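J.: no sequence for this one, just the structure:
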Ligand SMILES: NC(=O)c1ccc[n+]([C@@H]2O[C@H](COP(=O)([O-])OP(=O)(O)OC[C@H]3O[C@@H](n4cnc5c(N)ncnc54)[C@H](O)[C@@H]3O)[C@@H](O)[C@H]2O)c1
């Protein structure tokens with residue numbers, strides 16, 4: 001399997017680290033407009049290959065899209081971080097332009113690849129990539145709420161003093177501020193959350209408070225180190241692995257919807273079967289009326305941003 005990572009910054013390098021340590025990749029291409037940066041990271045990574053647990057992955061640093069010929073998966077982490085005084089629309093505009101420009105270059109050399117979009121706001125950037133390239137919707141995947149869901153599992157696990165892997169739940173909607181968590185889907189060790197808490201004499205989990213803590217978690221990291229890297233890198237690796245070995249894992253990634261839950265042409269995270277063909281199916285969950293209304297409201301909020309960015313950039317907002 002050949003994988004490309006665009007952007008040799010903190011997240012791109014974190015993803016490479018997971019791929020080299022836990023993955024089985026024959027060729028890994030790290031592309032950055034700053035060639036020296038990509039080279040520095042790759043030369044450093046090459047020194048891990050001599051160690052017994054490493055695989056001898058062919059590593060390519062580059063600033064040339066031709067190096068991505070035939071890539072199976074391309075992760076897009078290139079782009080700007082939000083700066084003080086910038087609005088969400090400013091960042092959406094900058095990174096949507098960069099994302100589309102990159103995706104068009106990638107399309108020329110790897111038209112059958114699956115793209116994983118991480119650059120923020122990842123759902124908006126993924127929207128414009130899906131609508132401005134010929135990649136099918138199933139092959140343009142925003143990392144979406146996989147990281148938010150991992151945060152939820154970790155927060156609940158901490159409350160009940162168990163392994164986060166024994167907590168189940170989803171954060172859905174838009175990665176970041178406009179997301180929601182259906183309480184009916186939260187379980188602990190296979191038991192409904194309320195039942196688990198009652199029988200273990202733990203205060204019940206309030207879904208709204210939980211969601212606030214999930215949203216706050218990213219800000220708290222950002223406030224301290226001005227980026228987030230480890231959780232997102234692990235989340236991207238989780239998605240790559242599902243594709244790489246055709247796991248058909250259900251993950252809360254985001255793709256351009258085509259009528260699911262009554263929503264069309266908006267990129268939102270929903271429980272999605274991820275396998276060798278990318279986002280293979282979106283599962284229909286029995287959301288309550290309130291949850292469905294929340295999802296629709298989130299869709300409207302994301303659409304407003306997409307419309308504004310389309311106005312400013314001239315990028316197409318509908319898929320032909
Ligand atoms: N979706 C998420 O949950 C999530 C989490 C963390 C970060 N992010 C986003 O991921 C992106 C990267 O974050 P980071 O911390 O790695 O940033 P970073 O600044 O460390 O790295 C960005 C890299 O992209 C490169 N780059 C910029 N424009 C490029 C272009 N046109 N072509 C090639 N390379 C280009 C830069 O040279 C730099 O090396 C940001 O947009 C950030 O907001 C998303």
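T.: Everything's here; your move. Keep in mind that what you see is a predicted model, and the values were worked out from it rather than measured. Numbers count the residues shown, from 1 in each chain.
J.: For the residue nearest to residue 165 when sequence neighbours are not counted, give me its contacts.
T.: Spatial nearest neighbour of residue 165, chain neighbours left out: residue 153 (7.4 Å); criterion: C-beta to C-beta, 6 or more residues apart in numbering. Heads up, the C-betas are built off the backbone N, CA and C, glycines and all. By C-beta atoms under 8 Å, 6 or more residues apart in numbering, residue 153 lies in contact with 164-165, 167-169.
J.: so who does the residue in the chain that the ligand sits nearest to touch?
T.: Of all residues in the chain, the one sitting closest to the ligand is residue 9 (1.7 Å; C-beta to the nearest ligand atom). In this structure, residue 9 makes contact with 32, 37, 77-78, judged by C-beta under 8 Å, 6+ apart.
J.: do that again at 10 Å, thanks
T.: 32, 34, 37, 41, 77-79, 81, 119, 227, 229 (C-beta atoms under 10 Å, 6 or more residues apart in numbering).
J.: With respect to residue 67, which of those is nearest?
T.: Ranked by distance to residue 67 (C-beta to C-beta), these are led by residue 32 at 11.6 Å.
J.: Please report phi then psi for that closest one.
T.: phi -140, psi 150 (degrees, to the nearest 10).
J.: pLDDT below threshold where in the stretch 51-200 of the chain?
T.: Scanning the stretch 51-200 of the chain for pLDDT under 70 picks out nothing.
J.: Those residues of the stretch 201-320 of the chain touching the ligand, which are they?
T.: Neighbours of the ligand within the stretch 201-320 of the chain, by C-beta under 6 Å from any ligand atom: 227-228, 232.
J.: what do you get if the cut-off is 8 Å, keeping everything else the same?
T.: Residues of the stretch 201-320 of the chain lying close to the ligand by C-beta under 8 Å from any ligand atom are 218, 227-229, 231-232, 235.
J.: Among the contacts of residue 9, which lie within helices?
T.: 37, 41 (DSSP state H).
J.: For ChimeraX, write a command that selects the buried ones of the contacts of residue 9.
T.: The buried subset of the contacts of residue 9, as determined by 16 or more other C-beta atoms under 10 Å, is captured in ChimeraX by this line:
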select :32,37,41,77,78,79,81,119,229
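J.: I'd like the contacts of residue 9 laid out as CSV, including distance to residue 110.
T.: Shown next, in CSV, are the contacts of residue 9 (distance: C-beta to C-beta, whole Å):
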residue, distance to residue 110
32, 17
34, 21
37, 22
41, 21
77, 16
78, 16
79, 19
81, 26
119, 18
227, 27
229, 25
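J.: The residue of the chain closest to the ligand and residue 170, how far apart?
T.: 28 Å (C-beta to C-beta, to the nearest Å).
J.: Check residue 316 too.
T.: 30 Å.
J.: Surely residue 308 touches residue 315?
T.: No - Residue 308 lies out of contact with residue 315 (C-beta atoms under 10 Å); the separation is 11.3 Å.
J.: okay, and the common contacts of the two?
T.: residue 93.
J.: For these two, indicate the residue with more neighbours.
T.: Between residue 308 and residue 315, residue 315 has the larger neighbour count (other C-beta atoms under 10 Å), namely 19 against 15.
J.: The more buried one is in what secondary structure piece?
T.: Here residue 315 sits in a region with no helix or strand, counting by DSSP states H and E.
J.: ok, now residue 250?
T.: Assigned by DSSP H and E, residue 250 falls in strand 249-251.
J.: partners of that strand in the sheet?
T.: For strand 249-251, the pairing partners within the sheet under DSSP bridges are strand 272-275 (antiparallel).
J.: following the strand it pairs with, which helix or strand shows up next?
T.: Next element after strand 272-275 (DSSP H and E): strand 278-282.
J.: which other helices and strands contact that next one?
T.: Applying 3 or more C-beta pairs under 10 Å, 6 or more residues apart in numbering; DSSP states H and E, we find strand 278-282 packed against strand 114-117, strand 140-142, helix 230-244, strand 249-251, strand 254-258, strand 272-275.
J.: looking at the ones you listed, which is buried most?
T.: strand 140-142 (a mean of 31; mean count of other C-beta atoms under 10 Å).
J.: just how off-centre is it within its chain?
T.: The gap between where strand 140-142 is centred and where its chain is centred comes out at 7 Å by C-alpha atoms, centre = their mean, to the nearest Å.
J.: same check, this time on stretch 104-119
T.: Taking mean C-alpha positions (C-alpha atoms, centre = their mean), stretch 104-119 and its chain are 15 Å apart.
J.: And stretch 159-174, by the same measure?
T.: That offset, for stretch 159-174, works out to 17 Å (C-alpha atoms, centre = their mean).
J.: what do you get for stretch 60-74?
T.: 20 Å.
J.: Likewise for stretch 141-148?
T.: On C-alpha atoms, centre = their mean, the centre of stretch 141-148 falls 3 Å from that of its chain.
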